[in-house]
Structures are given as structure tokens and as C-alpha cells.
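In: The amino acid sequence is not available; the structure is as follows:
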């Protein structure tokens, strides 16, 4: 039977506990600890220009839980561009640049009374795939509930419904062999898309929940004008690590669960995949999943031992041996690439454990050095910031009068609805000019 869990992962609780204890030890009573950069200085803050209506993960709210956004630029009218975002069991939401909802698409229902319902986790875009008579832009999402990809054509047709489902109904599960295995929910989770400029073929990189596995799937059109996919190859990232003192370490988690990947992004310039293993750090590897992965940034909690307590379903941390990084606090989430026209740019990562964002140099032949960080904070009583951000998307291109310098969209794991009563999530829209000023210091 499908088991719907809403509790936070044990390893995330471990990371949050360590971060909180460290901050409180150095903070006077009653003060709020400020996020700091690697040198100990306070990070700059940016404020959002707009926010989406709150989503509620309860029956009255349609079990909608904000997770991951993507930004689609309308080439004919950039000011009419869209933000496409996942809402888990609530399906997909489409917003205009004023953060107003223009479309809501439900996740598919459960196949049977004891089966998992559809649950959309991550979303990314494919541009220019030929479907039928011409090229189409697509939104691709992982349906974690059914272990499948769902694909939607994007078209501005003036009727307020820009997305149309074009998923091949015969598409098979990504990882599972049957419904029983799907119900265990080790299913399609994180997602990044990539089009190989040498061949024109489009792909989805998909991670498997509660494991370290990544899969490369080729996306192909069918004669019926739908989109299907096939597995090209898979790769398993490490689940245990040799520490500098010679000991072996694995992140603490629930029994039989490995450190999973969710946030991913592909650099289109050279097909480099960046994959965020939530309780470990950021990996750099080839998007075709050949060659050896390279761990370019560790979370602060890397190497910290922990013991899982079954009664509380939490991890109890041990002493920190000091082998972790300095810029990310587990979980590492929401990877997105701020690309620049001259080939430079910054890899942005959500440091979920301390509600900050870190930027790393895009240079492929270097070590992706830290470029700076920032927080997204409240802009007033009715426009709060971003906490425990899951997903993020950035577009460095003019988007009409609202965002002439581009846009950053971040998930807010603790939205503050006006009624102040129900827990909520949502998305914040941030002017990219504010972000680049913060990163430039």
C-alpha cells in the first residue's frame, strides 16, 4: 500500500540541528542569527518583487505543495513569459510574471485504491522539439507517484491554457518493474533536461528517490504527436565515503535509504551535469553519464556521524570531525545556472539547511570556486522571503518591463499566508539585477 510521508528526512533534521546549534552558540539571547559567508561575514539580502498565491498541502488546498519552478520565455512577447511550477499531488501551476496563476493542471489519479497518486516533483524545459508539423517547446516533469515522466507542450494561444499534455500514454515507468515496486516510491525524483547540440537529440537526467541512481533518458516524438522516452544508461553515485582520517562515512538516514539526488542542472555549453546529492554536496560529471563524477563542493555536515532513532524518526548527530565544506548546509537543493553571454556565469545552489543561496564559478576547467551568496528576505508584511528552499530557476534574459534584467524564481518552504493559520508553500520572484549585485558584493 502507498505510504504518504510528510515528515522531513532524517538527514535534513541532522543538518538543521547542527546548523542551529552552531548559530545559537554564537548568538546573544533573543537575537536572530544572520546567515554568513565562508569568511564569517553576513550575507547580503535580496527581496522579492512578487510571490505566488500560497499553496496548502491539505485536503482543502488540494494537497498542493510547491517544489520546483522553470521559466519559459515567450520569444514573441517576453513580457508574456511564464513560470511553470510543480505542486506535487496538486499537479502543475502556471504563473505570469506578476505571479498570478493562469493555469492549473492536476496530477494523474492513482491507478487503484491502494496505489500511489500522481505527484509532480521537478520540472524543466526542452526547446524546439518537432511534434507534428513544427517545433514545440515542452515542459517535462517527474511524476514521482507513478514513476514516469509527464510532458506538456507550451503554446501561447490566448485562451489562458498554455500547457497541453502530450505524454505518450504507453510510456513505461522510469525505474520500477511494476506497480508494487512503484508503491514503494523509489521512483523518478529530480530532473534536468539537456539537448545535445551535436546531434539535436533531447534528454532528461532523472534521479531515483532514496537511492543514488541517475538515469539518462532520450526524449523522442511519436507518430501520434506525443512524447515518449527510453533509458540510455544509468549511473550510481557513491553512498559511502572515505574521510581524510581513513574512516568510512555514510550520511545518517532511515534504514535502507541511500543519500539521494534531487537538484540538477546541465550546462548547455559543454554538457556538464551538476547534481546535488542532498546530504553530501555537488557533483560535476558528464551529462551523458560517462566518465567519473567529481565532488566539487561538500555540505557542512559532510563526515558528521549520526545514529538513527526509530522512536523519533530522527538522526542524533555526533561530533563534527571538520571535514565538511563552508558554504552549503544540508540539504543542497535547487541547482540552477546563471549563464552569461561571454561564457562566464554562476552555478546557484539552495543551501536549504540555513535558507541561503550560494554561487559557484561556472569555469569547467577549474574547481567551481565560491563566488558569493545571499538570502531572500521579506519585502514587507505581505511579501515574505524564502525559507528552506527546494527548487530554483534563473533566466538571464530580458522579460519585458517587469524584469528587463532577467528573473530568479525560488521556492519558499514556509510561505506566510495572509490568514496566518495554515502551513503553506509558494514561489518568490526576484529581479535578477538584485541577485547579481549581491553576488558582486
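Out: That came through, no problem. What you see is a predicted model; the values in this text were computed from it and never measured. Numbers count the residues shown, from 1 in each chain.
In: Name the next helix or strand downstream of the lowest-mean-pLDDT helix or strand in the chain, please.
Out: The helix or strand of the chain with the poorest confidence is helix 10-25; it has a mean of 46 (mean pLDDT, DSSP states H and E). Helices and strands here follow DSSP states H and E; after helix 10-25, the next one along the chain is strand 45-46.
In: Parallel or antiparallel, list what pairs with the helix or strand following that next one.
Out: Using DSSP H and E, the helix or strand that follows strand 45-46 towards the C-terminus is strand 50-51. In the sheet, strand 50-51 lines up against strand 424-431 (antiparallel) (DSSP bridges).
In: And for the partner strand, what's in contact with it?
Out: The contact list for strand 424-431 (Cβ atoms under 8 Å, 6 or more residues apart in numbering) reads 46-57, 61, 65-67, 69, 83, 85, 95, 97, 99, 376, 385-386, 403, 405, 407-417. For the C-beta atoms, the positions are set from N, CA and C on the backbone; glycine is no exception.
In: again, only using 6 Å
Out: Strand 424-431 has contacts (Cβ atoms under 6 Å, 6 or more residues apart in numbering) with 46, 48-52, 54-56, 65-66, 69, 85, 99, 376, 386, 403, 408-413, 415, 417.
In: Now do the next helix or strand after that strand against strand 424-431, angle only.
Out: Next along the chain after strand 424-431, taking DSSP H and E as the criterion, comes helix 432-440. Put simply, helix 432-440 runs at 80 degrees to strand 424-431, going by axes from the mean of the first three to the mean of the last three Cα atoms, to 10 degrees.
In: who touches helix 432-440?
Out: Identification of contacts with helix 432-440 by Cβ under 6 Å, 6+ apart yields 44, 46, 359, 371, 372, 374, 405, 406, 407, 408.
In: again, 10 Å this time
Out: Under the criterion Cβ atoms under 10 Å, 6 or more residues apart in numbering, residues 43-49, 338, 340, 346, 348, 357-359, 371-376, 394-399, 403-408, 410, 430-431 lie in contact with helix 432-440.
In: so how far is it from its chain's centroid?
Out: Centre-to-centre, helix 432-440 and its host chain are 21 Å apart (Cα atoms, centre = their mean, to the nearest Å).
In: Go through that helix and flag the buried ones.
Out: Residues of helix 432-440 classed as buried: 432, 434, 435, 436, 438, 439 (neighbour count, 16 or more other Cβ atoms under 10 Å).
In: cool, and stretch 302-310?
Out: Buried residues in stretch 302-310 (16+ other Cβ under 10 Å): 302, 303, 304, 305, 306, 308.
In: Same check on stretch 355-372?
Out: 355, 356, 357, 358, 359, 360, 362, 368, 370, 371, 372.
In: average model confidence for it?
Out: Mean pLDDT, taken over the full extent of stretch 355-372, equals 89.
In: just stretch 257-273 next, same as before
Out: On average, stretch 257-273 scores 96.
In: ends of that stretch, how far apart?
Out: 24 Å (Cα to Cα, to the nearest Å).
In: swap in stretch 87-102?
Out: 14 Å.
In: just stretch 110-119 next, same as before
Out: Terminal-residue distance, stretch 110-119 (Cα to Cα): 10 Å.
In: on that earlier part again, and which of the buried residues of helix 432-440 is nearest residue 294?
Out: Comparing these against residue 294 with Cβ to Cβ places residue 439 closest, at 23.4 Å.
In: What distance do you get for the closest one to residue 272?
Out: 20 Å (Cβ to Cβ, to the nearest Å).
In: repeat for residue 248
Out: In terms of Cβ to Cβ, residue 248 sits 29 Å off from residue 272.
In: More neighbours: which of these two?
Out: Per other Cβ atoms under 10 Å, whichever of residue 248 and residue 272 has more neighbours is residue 272, with 19 against 8.
In: what's near enough to touch the more buried one?
Out: Residue 272 is in contact with 194, 265, 266, 284, 285, 286, 287, 337, 347, 362, 364, 368, counting by Cβ under 10 Å, 6+ apart.
In: Which of the residues you listed are buried? Put it as a PyMOL command.
Out: Command for PyMOL that selects the buried part of the contacts of residue 272, burial taken from 16+ other Cβ under 10 Å:
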select buried, resi 194+265+266+284+285+286+287+337+347+362+368
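In: Now, the contacts of residue 272 that are in strands?
Out: 194, 265, 266, 284, 285, 286, 337, 347 (DSSP state E).
In: Is it possible to get CSV of those residues that adds distance to residue 223?
Out: CSV is the format used below for the ones in strands among the contacts of residue 272 (distance: Cβ to Cβ, whole Å):
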residue, distance to residue 223
194, 24
265, 32
266, 28
284, 38
285, 34
286, 32
337, 34
347, 39
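In: Which of the residues you listed sits closest to residue 108?
Out: Nearest to residue 108 among those is residue 194, at 25.3 Å by Cβ to Cβ.
In: How about the closest one: which residues does it bridge to?
Out: Following DSSP bridges, residue 194 is listed with bridge partners residue 203.
In: hang on, it packs against residue 202?
Out: Yes. Contact criterion Cβ atoms under 10 Å: residue 194 and residue 202 qualify, at 7.3 Å.
In: Give me the common contacts of the two.
Out: Taking Cβ under 10 Å, 6+ apart as the contact rule, residue 194 and residue 202 both touch 126, 219.
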